[in-house]
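Asker: Quick one: sequence plus predicted model below, questions after.
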Amino acid sequence: MDFNKVCVLGMGYIGLPTASTLAMQGMEVVGVDANARVVRILRDGEIHIHEPGLRTLAQAAFNSGRLTIKDEPEEADAFILAVQTPLRENHQADMAYVVSAAESIVPFLRSGNLVVLESTSPPRTTMDLLAPILEQSGLTTGEDYYLAYTPERVLPGQILKELIDNARVIGGYDRSSAEAGRDLYLSFVRGEIYLTDATTAEMVKLMENTARDISIAVANEFSRLAEHFGLSVWEAIELANLHPRVNILRPGPGVGGHCISIDPYFLIQAAPEMTGLMQRARTVNDGQPAFVVARIERDLQGLSDRRIAALGLAYKADVDDLRNSPAVEVARLLASKGAKVATFEPFALEAVPEGCVPAGSLEDAVKDADAVALLVDHRQFRELDPQALASQMPGREAFDTRGVWSSSVWEQGGFRLHTLGVRAPDA
Ligand code: SAJ
C-alpha cells in the first residue's frame, strides 16, 4: 500500500517524533492536538517537551513544509492515534482520549484508509472499543478500511533513535490490516517488523513493561536485604550479572514515569485474581520512596529541621518528565517529616514538591545544607566533584539513592556517603 498523507493524533512524546519522522521521509503529515497551548507552541516552530534531538527534527519537518499542525483531523491515507491513556484514581485505564481521537476521525474516514493505534491500551481495545467507534462511519473494518495496533516501545531520552531502530510488532484487526500497517512503518523503521493480531500486540506491550516493573521490584528487595545483611547490593548485582542468563536491574528510589508504573494496572484491573505477583511488585516499587526516607531519617538521626538538598526530581536520568516521579515523593516525604528540603531539578527549575523550596542552581540548593541527597542520576549529578561541593555546603552527609557515587571518592572529598543498598558507614 502507498501512503502520501498521514494524520497523526496526539503531539506528545510519541506523536510528535513520529509525525516529524514521517514528514522527513517525504510524506505530507498533519499533526493534530486537542490542547490549544500545544498547537500554538508547535505552530510557532517551538516544541513543548524535552527530548534530545527532537527540536532539531521537528523544526526541520516544519521547515520542509510537510508537517502542519492542526486542532482537528482531516482526510488522509492513514491515521495514527498516539494519545495518552492515563490511569484513573481507581487504577482503571482512562480511555477517554482514545475514544475522542477515534470519534474525531470518523467523519474523515474513507474507504481504503488505514487507522493505527499506538497508545498503550488494555487487551482487546482495538477489537472491542476502537473498531465499533470507527464503524460509525458506515465502513466495515477489514473490508473497507484497515485497522492495526502497534505499540510504541521507545525509551524516553533515546526516542529518535529507537523509533527507527527498534523492532516493531504490528497487530492487525485481520491479516491485511497488519500488512497495511507494515507498509506504513516500513517507510521509516529499520528494525525488524513482526506481524500478529491486534490483541497479541496490545498484550506484548503490557508484558514488556510489567516484566520490567517486576524485575525492578526484585532489585529493590535485594537492596533492602543487602542493607539487612551488611553487604553492597551493587557489588552483588555486578557479580550475579556475570552469570550468562542473569540480568538483574538497578535498585533505586522507586519506579516512575507514565509507562512502567502504570501499565501493569492495565492487566491487574482486567484480572485481579490472576495478577498477584504484578500487584506485589507495584507495592514494593511504590513503597521504595518511604524506604529511602526511613533510611535517611535513621542515618541522620531524625529529620526535624535537618536541611537537605535534594538533587533531581525527574522520574529518571536526563529527562524533564516529573510524572509519578519517586524523587518528587522522596522530597515530599522528607519535608512532611520536618526536614527543610531545597530541591534542584535542572530540567524543571520551577517544580516544587509539597513542602519543599525550589533552588535555581546547585549552589543555591546546597548553600545551607546539612546533607545532600541524590534522587536522580542526571549526568551533571553523576559527575559532581565532592571536593568542590564540600566548599559550597556546611554539612558532610551525602545520600546516593542510585548507586552512582564512588564511596572512596566521596570519602576523600570529606563526606560520609550513605548509599541505598549498602549498610550505613557506621552501622
Ligand atoms: N528504573 C529503576 N531501575 C532500573 C531501571 C529503571 O529503578 O534498573 C526506574 C527508573 O528510574 C524510572 C522507571 O524505573 O523511574 C522507569 O524507567 P525505564 O527507563 O525503565 O522506562 P521508561 O518508563 O522510561 O520507558 C519504558 C520502556 N520499556 C521497557 O524498557 C520495557 C520503553 O521501551 C517503553 O517504550 C516505555 O516504557 C513506554 O512508553 O511504555
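Answerer: The structure has been received and is ready for your questions.
Asker: The chain - how does it break down into domains?
Answerer: Split into domains by automatic domain parsing, the chain comes to 5-198, 229-427.
Asker: Now render those as CSV, adding mean neighbour count and mean pLDDT.
Answerer: Bear in mind the C-beta positions are built from the backbone N, C-alpha and C, glycine included. Listed next are these as CSV, based on neighbours: other C-beta atoms under 10 Å; pLDDT from 0 to 100:
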stretch, mean neighbour count, mean pLDDT
domain 5-198, 19, 97
domain 229-427, 19, 96
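Asker: so which of the ones you listed gets nearest the ligand?
Answerer: In terms of C-beta to the nearest ligand atom, the element of the domains of the chain nearest to the ligand is domain 229-427, at 3.1 Å.
Asker: sorry, back to before: can you lay out the domains of the chain as JSON lines showing distance to Ile214?
Answerer: JSON lines is the format used below for these (distance: least, C-beta to C-beta, whole Å):
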{"stretch": "domain 5-198", "distance to Ile214": "17"}
{"stretch": "domain 229-427", "distance to Ile214": "4"}
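Asker: Among the ones you listed, which comes closest to Asn209?
Answerer: Of all the domains of the chain, it is domain 229-427 that lies closest to Asn209, at 4.0 Å by C-beta to C-beta.
Asker: middle-most residue in this protein, spatially?
Answerer: Gly257 (4.0 Å; C-alpha atoms, centre = their mean).
Asker: Would you mind giving the secondary structure of it?
Answerer: Classification of Gly257 by DSSP: H, G, I helix; E, B strand; the rest coil places it in coil.
Asker: shouldn't it be in contact with Ala314?
Answerer: No: between Gly257 and Ala314 there is no contact under C-beta atoms under 8 Å: 9.2 Å.
Asker: what residues are shared contacts of the two?
Answerer: Asp321, Ser325 (C-beta atoms under 8 Å, 6 or more residues apart in numbering).
Asker: the longest helix in this structure is where?
Answerer: The longest helix of the chain (DSSP state H) is helix 198-229.
Asker: anything in it near the ligand?
Answerer: Yes: with C-beta under 6 Å from any ligand atom as the criterion, the ligand is reached by helix 198-229 at Glu208, Asn209, Arg212, Ile216.
Asker: Let me know which of the domains of the chain is the nearest to Phe222.
Answerer: domain 229-427 (5.3 Å).
Asker: Can you verify Lys343 is assigned to a strand?
Answerer: Let me fix one detail, which is that residue 343 is Thr and not Lys. Yes: the assignment for Thr343, made by three-state DSSP, places it in a strand.
Asker: my guess is it meets Leu322, correct?
Answerer: No: Thr343 is not in contact with Leu322 according to C-beta under 8 Å; the separation is 10.8 Å.
Asker: any residues in contact with both of the two?
Answerer: Leu313, Ala351.
Asker: all strands of the stretch 51-200 of the chain, in order?
Answerer: Under the criterion DSSP state E, counting those that start in this stretch, strands of the stretch 51-200 of the chain are mapped to 67-70, 78-81, 114-117, 146-149, 168-172, 193-197.
Asker: what packs against the fourth one?
Answerer: Put plainly, it is strand 146-149. Other helices and strands packing on strand 146-149, by 3 or more C-beta pairs under 8 Å, 6 or more residues apart in numbering; DSSP states H and E, are strand 114-117, strand 168-172, helix 175-185, helix 198-229.
Asker: Just say helix, strand or coil for His418.
Answerer: Judged by three-state DSSP, the three-state class of His418 is strand.
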